[in-house]
Every structure is written in C-alpha cells, then in structure tokens.
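**Q** Have a look; sequence and predicted model below, questions after that.
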Amino acid sequence: MRLHVADHPLVAHKLTVLRDQGTPSATFRLLVDELVTLLAYEATRDVRTREVEIQTPVAVTTGTKLAQPRPLVVPILRAGLGMLDGMTRLLPSAEVGFLGMQRDEETLEAITYANRLPEDLSGRQCFLLDPMLATGGTLVAAIDYLLQRGARDVTAVCLLAAPEGIKVVEDFVGDRADVQVVVAAVDERLNEKAYIVPGLGDAGDRLYGVV
Ligand SMILES: O=P(O)(O)OC[C@H]1O[C@H](OP(=O)(O)OP(=O)(O)O)[C@H](O)[C@@H]1O
Ligand SMILES: O=c1cc[nH]c(=O)[nH]1
Ligand SMILES: [Mg+2]
C-alpha cells in the first residue's frame, strides 16, 4: 500500500479550520469540498490516459485524454458523500457507485447498509471517498468489496488518518492489489472510543448533524 500525505499550506490551513469545534456545518461542508479538490489533484496523478490527435486553430497536435473504462468514484455514506462533488468536479466523466457503511460504536465493526456498485470492476480505477480512517475497519471492508468484484487499482481519499488504521489497511492489502491512500494529515492516535486524536470529531455529524 502506498501512502501519500498532502503537504501544502492551503491544505494545512483549511484542515485547521475544519478541526475547530466552533466551525459551523455550512462552513465545514464548504471546507471538505475544497480540501477534496486539492487532494483529488494528488489522488489522480496516476489516472490512466490515452493519446489523441486534435486540430488546434493553428496545427495538428497530439494531446491527452482520460482512457476507457471510466474511473469509478465510490463515496462511503454518510460522511463520504460530503466529498463527492469535490471529486467529480475534477473527474466529471467518472461513474459513481455507493457504499453505505456505519461503524458499530460498541464493537467497532463496519456494518454495510447499502451497496450499489458495478458487478465487474476488473480493469477499473476506483476512488473511495471517506474523510476518516480511524481503526481502518470501514476502509478495509470497502476495499474488500472492490477487490471481490475484480478491482486491482484502488485509491482511497481521506482527510484524516490514524497510524493504527493505516497499519490495518496495509496488513489487509499486502500485495493483493495496488492500493494508494491519499490523506490531508496523519494524526497522533486513536482515543479509547476509537476517535482520531486530535481529529475533528464525528465527520458525519459535523457535516449533516447528529442522528
Ligand atoms: O476506520 P473506522 O474505525 O471504521 O472509522 C471510520 C468510519 O467512521 C465514520 O463513519 P460512521 O460510522 O460514523 O458513519 P457516518 O458516516 O454515517 O457518520 C467515518 O466516516 C468512517 O466511515
Ligand atoms: O474520529 C473519528 C473516528 C471515526 N469516525 C469519525 O467520524 N471520526
Ligand atoms: Mg459518523
């Protein structure tokens, strides 16, 4: 597994405002959207392309376009939904699949309550969106769905990750597939409730309110 930590002052600035408990939902949503667009730029560095010949008003030239099949973007509901628009703004031709997953706060197990993905993902580049990589249980379950359907090229875009969760994903993936995790920051640790420290709290609640 490859880990890419975005190292940019704008990312650091926006993340700091995002972490602040005084930041209201409307601003939080806007910042998540902006951060994802910055991360998407890094996350799509290896997106597959093909050469095309075009005619400019001046000359014939060779350019670059995205290759087929189209990339697949999969937000993990709820919180990952806040990252979808920012990602598809950079990848407007992508298809979108959905995974609804909720961490059982007692057992910390990821429970899947919705699954709408193409049957065959062989040869597809897949982008998973989830702001928080805490114990790694949710991301491992999501990567497992994609691998079971034939995907071998998966990039997860997260805002914050805990070292414990990164290790869990690394151990799960091994050499089974090319998996990349792109994050805005790796935090210190998990607390006794498996929340990321210092983190930003419950991303889903901060985006959409407490359920
Ligand atoms: O790495 P893990 O320990 O599995 O935790 C991370 C998961 O927890 C949060 O979702 P949550 O279960 O709160 O659902 P929500 O998005 O509906 O709030 C977060 O968005 C991740 O999906
Ligand atoms: O810190 C955390 C851990 C899991 N889920 C969140 O939303 N935040
Ligand atoms: Mg939540």
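**A** Thanks, I have it. Ligands and ions are numbered 1, 2, ... in the order given.
**Q** From the contact counts, what lies against the lengthiest helix in the chain?
**A** Looking across the chain with DSSP state H, the single longest helix is helix 25-43. Helix 25-43 is packed against helix 9-19, helix 84-90, strand 153-161, strand 178-186, helix 203-208, with contacts defined by 3 or more CB pairs under 8 Å, 6 or more residues apart in numbering; DSSP states H and E. C-beta here means a position set from N, CA and C on the backbone, and glycine is covered the same way.
**Q** ranking the ones you listed by burial, who's on top?
**A** Most buried of the helices and strands packed on helix 25-43, by mean neighbour count (mean count of other CB atoms under 10 Å): strand 153-161, with a mean of 26.
**Q** SS state for T64?
**A** Following DSSP: H, G, I helix; E, B strand; the rest coil, T64 is assigned to strand.
**Q** Report pLDDT for whichever residue of the chain sits closest to ligand 1.
**A** Closest to ligand 1 within the chain is G204: 2.1 Å, counting by CB to the nearest ligand atom. We have a pLDDT of 97 for G204.
**Q** before we move on, the earlier item: so for A67, which of the helices and strands packed on helix 25-43 sits nearest?
**A** A67 lies closest to strand 153-161 among the helices and strands packed on helix 25-43, at 12.0 Å (CB to CB).
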